[in-house]
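> have a look; sequence and predicted model below, questions after that.
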Amino acid sequence: PGTTWRRRQQTIMSSLMRFAAKWYQDATAKELRKYGLRYQDILNEWHPDVEVAISRLTPEELSNRNKRIKRAIDLSLKHSELSKEAQMAFDPYQEYLPMERAAKERVERMSYKP
């Protein structure tokens, strides 16, 4: 009896978390689209993994990133946003930073014992 109740409780909580995560992801995507940003554009640049990933971008990718950030700042200051057509053509979750590689290398460095 106790195990069944716990399992149901876990299932309900899991469903609620999935719903909340999906809602948050959609709300975040909507805000990022308004300004033409990608999710990785708003990551903390001072985090070691992000810093390494940014340093590995090609000049073209880095230029595109900087242009997106500058455009977003300009739109925000003007209290404006991209046109609806431009927003819909934009995928804010398209990844461009090699985050997994940077994180893996950091973990390897931390676990290295000479």
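Cool, got the structure. Residues are numbered from 1 along each chain as shown.

> and the most centrally placed residue in the chain, how far is that from Glu95?
Closest to where the C-alpha atoms of the chain average out (C-alpha atoms, centre = their mean) is Tyr39, at 3.3 Å. As for Tyr39, its distance to Glu95 is 8 Å (criterion: C-beta to C-beta, to the nearest Å). All C-beta spots, glycine's among them, are computed from the backbone N, C-alpha and C.

> so the residue nearest to the centre of the chain sits right up against Gln25, yeah?
No - under the criterion of C-beta atoms under 8 Å, Tyr39 makes no contact with Gln25, lying 9.2 Å away.

> against which helices or strands is the longest helix along the chain packed?
As assigned by DSSP state H, the longest helix anywhere in the chain is helix 2-35. Here helix 2-35 touches helix 59-77, helix 84-88, going by 3 or more C-beta pairs under 8 Å, 6 or more residues apart in numbering; DSSP states H and E.

> what comes into contact with the shortest one?
Applying C-beta atoms under 8 Å, 6 or more residues apart in numbering, the set of residues contacting helix 84-88 from outside is Arg33, Lys34, Gly36, Glu81.

> of those, buried ones?
Buried subset of the contacts of helix 84-88 (neighbour count, 16 or more other C-beta atoms under 10 Å): Arg33, Lys34, Gly36, Glu81.
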